[in-house]
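J.: my questions concern the predicted model and sequence given below.
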Amino acid sequence: MRTTRTVPARPVLIVALTLAAAGSLLLAPGAAGADPKPVTREGAAVDDRAARAPASAARRALAAPEATSTATAARAYPRRQTLSPDPENPGDKSLKLGLTPYHAIAPKLNALQRLGDRVSVEVAGRSAGGNRLYLVTVTAPETTRQARAQERMRELIGNAPAAAAKSREIKRDYKTPVFVNNNIHGNEWEGTDASLEVIEQLATAKDARTRDLLAHSRLYFNITANPDGRIAGTRANANGFDLNRDFVTASQPETRAMRRIELDKQPAVLLDLHGYVNGTLIEPTTPPHGENYEYDLFLKNTYANALGMESAVNALGYTPAKDGVEAAQIPFRDQEEGWDDWPPIFTPQYAAFHGTVAAHTVEIPLAVNNEEYDDLPVPELRRRSAVNTAVARAAIRATLDHVREHRATLLTDQIEVFRRGATGAAQVPVSPETVPGVPGIGPEDVYTTTFPRAYVIPPGDARTQRSGPAAARLVDHLLANDVRVTRATRPFRLAGRTYPGGSYVVDMHQPKRGMANVLLADGRDISGKVSVMYDISGWSLGSLWGATVERVPSGSLRGAPLRAIGEAAPLARVPAHGNLRLRLTDPREIAALNSLLRQGVRVRQAADGSAIVPASARREARTAARAHDVSFTATRQTGTAPLHRLRVAAAVTPGELFALREMNFDVTPVSTAVLNAGFDWSGTDVLFVSAGLDHADLTAPARRALDGFLDGHGLVGRGATGAALNAAAGLLAVKPVEGNADANGVVRVVNSGSVTRDAPGHGFVYAPLWFTDPGPGVRVEQSYATGNPLVSGHWRPLPGGTGGPAAAAGQASVVSGGHTVLFGTEPLFRDHPKGEFPQVARALFTVAHSASVEESG
């Protein structure tokens, strides 16, 4: 049993913390409980509410450019700017807690800049809701020459670590970068206020310790990573996204801004301030640990800083009896499982791949959100928020003390992370010998991987040497994550195989090999390692994004005709003559099709599922090709069935709603409440349901209207909610079987129908579903592979032996019939599995077309 505490060990953290929250609405201080939200799954498996984000938020996120790098603009510090004020908002949810409302942040930052020459403010981007993202830097003043020297040293560390390890200048002069990230969950407020207080203290302090800290460090504060949620009192941003699940996908502008900060600043230490777990939870985590980290270096530094934070938090003197505050806890030391660092979707875990060697989620103790926010008296809420702010402030100050005292070790270990990657050195498994001073290290903590020599991403079109849109997207995503990619200028041989010119090559001897591998590798089935996972356990972009990714275990790249690139080769192409064919195997191609249909272009579908655009619409095709970076080919085909602009009513999750809008569909969010309020179905062609629509909860008029719509129009359903509506409406004769609701991951599938034509051989599941007992007219579009379909992730059978991957093997995962398609997989999950998106698009067009044919017939 892993424990060094004198209190009883709590083996499974998720269960324990959920039970601890049971009395959280009592007013006695001792009952100030933990909010179960941070330790329970999110999405349709537990939250069946339909998304309702405005289309403007999606447009803003999709149109937002990559945040501009600040590293290249080596300007002197301080970098002052006067921020224009935001309109006062009396509805800001922070006000009830006695905390800083968003509209007061800009004036506060202006005032902090006036306190001296240590505080700089920059706008790092804008949120999905259009609010500014503020990055504050606190450091001793630097001339332009000194700032340039800092950037040069930072680049040497990241790009030439062997030279950096020998640099006396770096040891003497480099300022240790520290990143404090606040309020990524909008209704976990107090990190923002604690940071503002610490910044003010640092701006004016005259003591020698502060002067020494700022002379040898740059401190970066993301004041509120989620201003939309801060204002609205929601965990998610204006698009309904949990930003602390978005790092591997980076679909949201706030996530891309944080990524840009991590790349440009290259922090050695990171704090991500959250709430609410009582007592204060301070990472490092329980197993399983991500297999692509240099975990020995990460654990060594993260645990050492956690001890300092724990001591500082406990020294505040709060007690369970007096204040309702339990002693701080460190999951690695105090728990067996339930709070893992396996996926790179969380801020600290993502940062580890960019050289952060001490990275922590810190969960402050007293719940003030959700039910507590609504039900507790204002004085009690403000008492709790004051406690939480003090705890967050103590964690920040303890971290700054650790950085000041251990600067040399932190920088040495950051350089070593990059050196191992660049040289192809082996990982060092954790053990009491390799990480001395950390208690309880055992075999359950050892997770390493074998890095390949390279990955090759072949181009999509052997004739033109142009990559397909899936390959281009993947390459651009790798580059955005600071992974080095090269492109072959002519055909070449590697490990006994010939690859065509235009192929992209990821040399795995590079400083950020862990980042490359965590994105491209298949991942691992960890079902047998632990009984429960905190969140997703499989995510492979190599399997799910639609591109061909080939792992090359060994071989030499010496002499290969490879050229470093900064972006994927452009694809936009429209032939000068003939009708035009557009494949519909990628979200960009679907978006281009929808833009043409929106303009009234008469597009027809070919027998192979592609779209045929008449030669008369060449100008519109050129515009679409440039806008969406897709390629049309010349064809003599004229197509058969006409395709029409679809108007989709969608009761779906936030990720699905965003993905539909990414594909340029016209979408109207609906739900049980919307239908009960009276919904006009005359403007809808097809209904997509996965969350938030329960046939039994509809009023009689709403039910009659829905049934009348479904009698002549199409339904696409996903998961248990979609299958339940199908059954209630008596549409497709199949039996849905629910698997383990805690299961998730990448699975092997077999595609067999027109809806899944040209789809990848992998899918993603989260609370998987399959279909049995098909009735007349039911077609199997896709099945789970035989054997064990799980490639990577966590999927165990239920206690009775049902619901596991063996039960799903060979069963139908997607079925269709009439004007209905049902999915048991998650083809649009959190806007991530891009290669699966076209399945949903084809389903929407298929059922809408079949319904229109039936109606016209």
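T.: That came through, no problem.
J.: can you tell me the helix or strand for the residue nearest to Asp482 when sequence neighbours are not counted?
T.: Closest residue to Asp482 apart from its sequence neighbours, by Cβ to Cβ, 6 or more residues apart in numbering: Leu263 at 5.2 Å. (C-beta placed from N, C-alpha, C; glycine too.) Per DSSP states H and E, Leu263 falls inside helix 253-265.
J.: likewise Glu656?
T.: With DSSP H and E as criterion, Glu656 is part of helix 654-662.
J.: quick check: buried residues in the helix or strand just after that helix?
T.: The first helix or strand that comes after helix 654-662 along the chain, using DSSP H and E, is strand 666-669. For strand 666-669, a neighbour-count test (16 or more other Cβ atoms under 10 Å) marks Asp666, Val667, Pro669 as buried.
J.: do stretch 795-804 as well
T.: Trp795, Arg796, Pro797, Gly803, Gly804.
J.: export those to a markdown table and tack on distance to His216 and pLDDT?
T.: Listed next are the buried residues of stretch 795-804 as a markdown table, based on distance: Cβ to Cβ, whole Å; pLDDT from 0 to 100:
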| residue | distance to His216 | pLDDT |
| --- | --- | --- |
| Trp795 | 48 | 98 |
| Arg796 | 49 | 97 |
| Pro797 | 54 | 97 |
| Gly803 | 55 | 97 |
| Gly804 | 54 | 98 |
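J.: hey, which helix is longest across this protein?
T.: If you go by DSSP state H, the chain has its longest helix at helix 378-405.
J.: for that one, buried residues please.
T.: For helix 378-405, by 16+ other Cβ under 10 Å, it's 380-404.
J.: what do you get for stretch 185-199?
T.: 185-199.
J.: how about the residue nearest the centre of the chain: what's its closest non-neighbour residue?
T.: Nearest to the mean C-alpha position of the chain, by Cα atoms, centre = their mean, lies Asp246 at 1.4 Å. What sits nearest to Asp246 in space, not counting adjacent residues and going by Cβ to Cβ, 6+ apart, is Thr255, at 4.3 Å.
J.: picking that back up, and which of the buried residues of strand 666-669 is nearest to Arg259?
T.: Val667 (27.1 Å; Cβ to Cβ).
J.: tell me the contacts of that closest one?
T.: Ala55, Val648, Ala649, Ala650, Leu657, Leu660, Arg661 (Cβ atoms under 8 Å, 6 or more residues apart in numbering).
J.: number of nearby residues for Ala162?
T.: The number of residues packed around Ala162, counting by other Cβ atoms under 10 Å, is 12.
J.: just say helix, strand or coil for it.
T.: helix (DSSP: H, G, I helix; E, B strand; the rest coil).
J.: excluding residues flanking it in the chain, which one is nearest it?
T.: That would be Arg419: by Cβ to Cβ, 6+ apart, it lies 5.8 Å from Ala162.
J.: helix or strand: which one has the one you found?
T.: Going by DSSP H and E, Arg419 is in helix 407-423.
J.: now that helix: buried residues?
T.: Neighbour-count burial for helix 407-423 [16+ other Cβ under 10 Å]: 407, 409-422.
J.: what's the closest of the buried residues of stretch 795-804 to Glu826?
T.: Using Cβ to Cβ, the buried residues of stretch 795-804 come closest to Glu826 at Trp795, 12.9 Å.
J.: what sits against that closest one?
T.: Asp525, Ser527, Gly739, Asn740, Ala743, Asn744, Gly745, Val765, Pro768, Gly804, Pro805.
J.: among those, which ones are in strands?
T.: Within these, residues falling in strands by DSSP state E are Asn744, Gly745, Val765.
J.: weed out the non-buried ones from these.
T.: The buried subset of the ones in strands among the contacts of Trp795 - by 16+ other Cβ under 10 Å - is Asn744, Gly745, Val765.
J.: mind putting those residues into a markdown table with distance to Pro575 and pLDDT?
T.: As requested, those are arranged in a markdown table below (distance: Cβ to Cβ, whole Å; pLDDT from 0 to 100):
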| residue | distance to Pro575 | pLDDT |
| --- | --- | --- |
| Asn744 | 43 | 97 |
| Gly745 | 41 | 98 |
| Val765 | 40 | 98 |
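J.: residue contacts, Gly233?
T.: Counted by Cβ under 8 Å, 6+ apart, Gly233 has contacts Lys93, Gly186, Asn187, Asn369, Tyr373.
J.: relative to Asp242, which of those is nearest.
T.: Distances from Asp242 to those, taken by Cβ to Cβ, are shortest for Gly186, at 9.9 Å.
J.: for the closest one, which residues are in contact?
T.: Per Cβ under 8 Å, 6+ apart, neighbours of Gly186: Asn226, Pro227, Asp228, Gly229, Arg230, Ile231, Ala232, Gly233, Thr234, Arg235, Ala236, Asn237.
J.: what distance do you get for Trp342 to Gly753?
T.: 34 Å (Cβ to Cβ, to the nearest Å).
J.: strands along the stretch 101-250 of the chain, start to end?
T.: 119-126, 132-138, 176-182, 217-222 (DSSP state E, counting those that start in this stretch).
J.: tally of neighbours for Arg118?
T.: Arg118: 23 neighbours (other Cβ under 10 Å).
J.: that one and Pro141 touch, don't they?
T.: Yes - using Cβ atoms under 8 Å as the test, Arg118 is close enough to Pro141 to be in contact (7.2 Å).
J.: the stretch 651-800 of the chain: strands as residue ranges?
T.: Taking DSSP E, counting those that start in this stretch as the test, the strands found in the stretch 651-800 of the chain are 666-669, 686-689, 714-718, 735-738, 744-751, 762-766, 769-772, 779-784, 790-794.
J.: no, scratch that, I was asking about the stretch 501-650 of the chain
T.: 504-507, 550-552, 562-564, 579-582, 603-605, 611-613, 633-635, 642-643, 647-651.
J.: tabulate those strands in TSV, adding columns for mean pLDDT.
T.: Output for the strands of the stretch 501-650 of the chain, formatted as TSV (pLDDT from 0 to 100):
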stretch	mean pLDDT
strand 504-507	98
strand 550-552	97
strand 562-564	97
strand 579-582	98
strand 603-605	96
strand 611-613	98
strand 633-635	97
strand 642-643	96
strand 647-651	98
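J.: out of the ones you listed, which gets nearest to Ala51?
T.: strand 647-651 (7.8 Å).
J.: check contacts around the closest residue to Tyr303 other than its chain neighbours.
T.: Nearest residue to Tyr303, sequence neighbours excluded (Cβ to Cβ, 6+ apart): Val438, at 4.8 Å. Residues near Val438 by Cβ under 8 Å, 6+ apart: Leu299, Lys300, Tyr303, Phe332, Val430, Pro432.
J.: apart from its chain neighbours, what residue comes closest to the fourth one?
T.: The shortest distance from Phe332 to any residue other than its chain neighbours is 4.1 Å, reached at Pro284 (Cβ to Cβ, 6+ apart).
J.: now do the second one
T.: Counting by Cβ to Cβ, 6+ apart, Lys300 lies nearest to Val435, which is 5.0 Å off, once chain neighbours are set aside.
J.: distance check, Glu567 against Asp476.
T.: Taking Cβ to Cβ, one finds Glu567 at 6 Å from Asp476.
J.: what do you get for Val689?
T.: 33 Å.
J.: where in this structure is pLDDT low?
T.: 1-47, 65-73, 461-467, 851-857 (pLDDT under 70).
J.: what do you get if the cut-off is 80, keeping everything else the same?
T.: 1-48, 64-74, 460-467, 850-857 (pLDDT under 80).
J.: ok, back up a step: which strands or helices does the helix holding Glu656 pack on?
T.: helix 55-63, helix 587-598, strand 647-651, strand 666-669, helix 837-856 (3 or more Cβ pairs under 8 Å, 6 or more residues apart in numbering; DSSP states H and E).
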